[in-house]
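**Q** Provided below are the primary sequence and the corresponding predicted coordinates.
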Amino acid sequence: MRTVLTIAGSDSCGVGGIQGDIKTISAHGLYAMSAITSMTAQNTTGVYDIQESTPKFLGRQIDCVFNDISPDAVKIGMVSNPDLIEVIAEKIRKYHVRNVVLDTNIVSNSGRRLVGTGAERIILKKLLPLATVILPSLPEAEVISGMSIRGIEDLGAAAGLISAKYGVKGIFFKEGHRITEKGDMLFVDEKIRWLEGDYEGDHTSIGKGGALSAAIACNLAMGKDITESVKLAKDYITKAVENRLELGKGRNPVNHLVSFTV
């Protein structure tokens, strides 16, 4: 059986974080493992408190996974503590992980900074070069590339800059539809592919980004190439959004287990 490790925070409401990732991985028929970067008190209306893991404990979690059931892919979610990011990068290098999917989580879609300058520096310097696929928002792509993105040409130029500087093989701009009708842009091996569909245009559900990156990790773990992995993951999250669950007082959780319930 193929296996996937998610390194992320715990979502007490089960929408995102390791809980959402485990559902996604299980929905793909793979074995899910986790290393928890933080515990959160949150629900569909927001995040109300966070308790971070210590670097030592996070490292022990990752070591225990790799020393017993070595994963075929690793998905890295939200982590803002520089020391925790250092540990993750160290372990990814130590165990020579082949398939790494990184949710950059530097800047939100609205442009709000999610991490401090120290954490951002380590993400760019130490995590990006280890990633097989990254999924930056447009504001994040601007930060990583150092250029403004206003149109199609800018997207391609930014991808080229990021790939050349950090050695990232696959870059998926999941918000391409915001500036072009062509859809979302996937940059792989210096080639650009456009993927149609606008699941990100939905503003009534939550959990999309984490489920998308976890699904990409699943497909990579099953031996698919980057392009096919992203296409299949996008199909999966589109169905999960279309069949979102009417739960809670805030936005509706995506249906991670859509293949079992529809």
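**A** Good, I have the coordinates. Numbers count the residues shown, from 1 in each chain.
**Q** Low-confidence ranges, the stretch 51-200 of the chain, go.
**A** Along the stretch 51-200 of the chain, the model assigns pLDDT under 70 to residues 107-112, 175-181, 197-200.
**Q** Now do the strands in it.
**A** 73-76, 100-102, 133-134, 170-173, 184-188, 191-195 (DSSP state E, counting those that start in this stretch).
**Q** Can you tell me which of those strands is packed in deepest?
**A** When the strands of the stretch 51-200 of the chain are scored by mean count of other C-beta atoms under 10 Å, the highest mean neighbour count falls to strand 73-76 (a mean of 29). All C-beta atoms are positioned from the backbone trio N, CA, C, and that covers glycine.
**Q** before we move on, back to that, got JSON lines for the strands of the stretch 51-200 of the chain, with distance to Ser34 too?
**A** What follows is the strands of the stretch 51-200 of the chain, written out as JSON lines (distance: least, C-beta to C-beta, whole Å):
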{"stretch": "strand 73-76", "distance to Ser34": "10"}
{"stretch": "strand 100-102", "distance to Ser34": "14"}
{"stretch": "strand 133-134", "distance to Ser34": "19"}
{"stretch": "strand 170-173", "distance to Ser34": "23"}
{"stretch": "strand 184-188", "distance to Ser34": "27"}
{"stretch": "strand 191-195", "distance to Ser34": "28"}
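**Q** So for Gly207, which of those strands sits nearest?
**A** Closest of those to Gly207 is strand 73-76, at 13.8 Å (criterion: C-beta to C-beta).
**Q** Compute the distance from the centre of that closest one to the centre of its chain.
**A** Relative to the chain's own centre, strand 73-76 is displaced by 8 Å; criterion: C-alpha atoms, centre = their mean, to the nearest Å.
**Q** which other helices and strands contact it?
**A** Packing partners of strand 73-76 (3 or more C-beta pairs under 8 Å, 6 or more residues apart in numbering; DSSP states H and E): strand 3-11, strand 100-102, helix 208-221.
**Q** Can I get these in a markdown table including distance to Gly77?
**A** A markdown table is the format used below for the helices and strands packed on strand 73-76 (distance: least, C-beta to C-beta, whole Å):
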| stretch | distance to Gly77 |
| --- | --- |
| strand 3-11 | 3 |
| strand 100-102 | 9 |
| helix 208-221 | 6 |
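**Q** Gln42 is nearest to which of the ones you listed?
**A** Among the helices and strands packed on strand 73-76, strand 3-11 sits nearest to Gln42 (C-beta to C-beta), with 6.0 Å.
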